[in-house]
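*Asks:* Provide a 3D model corresponding to the input given below.
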Amino acid sequence: MEYRNLDLYPEFDTLKALPRVDLASVLTETRIKDYSIPLPEGFAFNYAASKVDEWILDSFQKLSDALGLVDRYANLLSGQIMNTGEGRMVLHHLARGNLGTGVVKNGVDLRNFYEEERLKAAAFAGKVHRGEILGSSGKPFQNVVQIGIGGSDLGPRAAYLALERWAKAEGRHRMKAYFISNVDPDDADNTLSALDLERSLFILVSKSGTTQETLANETLVKLRLEKAGLDPAHHMVAVTSTSSPLAQNPDYIARFYIDDYIGGRYSTSSAVGGVVLSLAFEPDAFSQFLEGAHSFDRAALERNVRKNASLLAALIGMYERNVLGYSSTAVLPYTEALSRFPAHLQ
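*Replies:* Numbers count the residues shown, from 1 in each chain. Here you go, the predicted structure:
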């Protein structure tokens, strides 16, 4: 499928020529009610405060059709190469379910691969929760600590904080989760000092197995465990790729695998988020998390921009940046539980 700049499409010229919306004069109760799109799981996307009107929405539809945006999304779902810089597929959605034609690479059905890793993490979490896997001193684990950087930290941390209070209220909070990502050893020291190391399980997350910041924090953690008279090999698991140096390393209780087709900031649906969230809550809670995400993936196949919140939000963002000239976007959490969500997005 061909990719061309927006300014090569006459539909974009038409959009740019439309009159600007004076929001103060049009923001009425009727507009607030009408400019809303129902979403799965009881959510709604309200865009009444965006500077769009019916003419601009019509123009969005024509531009979307001309660009073939929903068709391109369907191609992504079926495994066509979307990361043109690295020549890779983009498959984070496949960790949540299959909406395309299926994706097979080198004889491996990648949907099955992601699902097998989810089930493996679920089985492991169940054994930890039942006390079948213990620390080196024979005590059950009560804390889980993720060691990672970038997407290996931001998404899982944001998801854990968003769901923590819900899990406690529902009686599904099983282990307290902590995160170590800062290369400043004082940050890791503050976290480790608050833990009962005998009852703490650590997850090392590095796709390549060579991420220097993550390995430096792993070394710090191992030294603290050894100083406490504990065997790190009985307190650590790894999330990595099958080709990394960590893949067959015996110094971990278990290893869970990811691949090159799920980017860091999109990896929470994979083992990067699945292991820590299954341990912190319950495996079924992580499954529900994936089901919810999958329902949003499905909703994004709608061709009508007035009914497709993901598509409309993207078009509004494009319009605000490329037509209205807005240079930045503010993401303002409405609850403390979402306090780490902006960091995940940026």
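
*Asks:* which residues in the stretch 1-150 of the chain form helices?
*Replies:* Using DSSP state H, counting those that start in this stretch, the helices of the stretch 1-150 of the chain run over 10-17, 23-26, 29-34, 54-67, 69-77, 110-129.

*Asks:* for the record, mean pLDDT for stretch 262-272?
*Replies:* Average pLDDT, stretch 262-272: 94.

*Asks:* for that stretch, measure first residue to last.
*Replies:* Taking C-alpha to C-alpha, to the nearest Å, stretch 262-272 runs 10 Å from one end to the other.

*Asks:* next, the buried residues of that stretch.
*Replies:* By 16 or more other C-beta atoms under 10 Å, the buried positions in stretch 262-272 come out as 262-264, 266-272. (C-beta placed from N, C-alpha, C; glycine too.)

*Asks:* ok, residues contacting stretch 294-314?
*Replies:* The contact list for stretch 294-314 (C-beta atoms under 8 Å, 6 or more residues apart in numbering) reads 37, 39-41, 45, 47, 57, 60-61, 64-65, 69-70, 73-74, 77, 93, 96-97, 99, 315.

*Asks:* do that again at 6 Å, thanks
*Replies:* 37, 39-40, 45, 60-61, 64, 70, 93, 96-97, 99 (C-beta atoms under 6 Å, 6 or more residues apart in numbering).

*Asks:* show the subsequent helix or strand relative to the strand or helix carrying Ala188.
*Replies:* Secondary structure assignment for Ala188, by DSSP states H and E: helix 185-193. Secondary structure here is assigned by DSSP H and E; on that basis, the next helix or strand after helix 185-193 toward the C-terminus is strand 200-205.

*Asks:* alpha carbons of that next one, in CSV - could you do that?
*Replies:* Extracted C-alpha coordinates of strand 200-205, given in CSV (Å, rounded to 0.1, in the frame of the first residue of the first chain):
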residue,chain,number,x,y,z
SER,A,200,10.2,-10.5,47.2
LEU,A,201,10.2,-11.8,43.6
PHE,A,202,12.0,-9.8,40.9
ILE,A,203,11.1,-9.7,37.2
LEU,A,204,14.0,-8.7,34.9
VAL,A,205,12.6,-7.3,31.6
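
*Asks:* what's the angle from that strand to helix 110-129?
*Replies:* For strand 200-205 and helix 110-129, the angle between their directions (axes from the mean of the first three to the mean of the last three C-alpha atoms, to 10 degrees) works out to 160 degrees.

*Asks:* can you name every helix or strand that the next helix or strand after strand 200-205 contacts?
*Replies:* Downstream of strand 200-205, the first helix or strand assigned by DSSP H and E is helix 212-227. Where contact means 3 or more C-beta pairs under 6 Å, 6 or more residues apart in numbering; DSSP states H and E, helix 212-227 is packed against strand 143-147, helix 185-193.

*Asks:* if we use 7 Å, what do you get?
*Replies:* Counting contacts by 3 or more C-beta pairs under 7 Å, 6 or more residues apart in numbering; DSSP states H and E, helix 212-227 packs against strand 143-147, helix 185-193, strand 200-205.

*Asks:* which outside residues touch that helix?
*Replies:* Among residues not part of helix 212-227, those counted as contacts by C-beta atoms under 7 Å, 6 or more residues apart in numbering are 147-149, 180, 183, 185, 188, 192, 197, 202, 204-206, 232, 235.

*Asks:* okay, now the sheet partners of whatever helix or strand comes next after it, with direction.
*Replies:* Past helix 212-227, further along toward the C-terminus, the next helix or strand under DSSP H and E is strand 236-241. Each strand that pairs with strand 236-241, with its direction, by DSSP bridges: strand 200-205 (parallel), strand 255-258 (parallel).

*Asks:* average model confidence for the shortest one?
*Replies:* In other words, strand 255-258. Mean per-residue pLDDT for strand 255-258: 97.

*Asks:* okay, now the nearest residue to Thr329 once chain neighbours are set aside: neighbour count?
*Replies:* The shortest distance from Thr329 to any residue that is not its chain neighbour, by C-beta to C-beta, 6 or more residues apart in numbering, is 6.9 Å, and that residue is Gly317. Burial of Gly317, expressed as a neighbour count using other C-beta atoms under 10 Å, amounts to 13.
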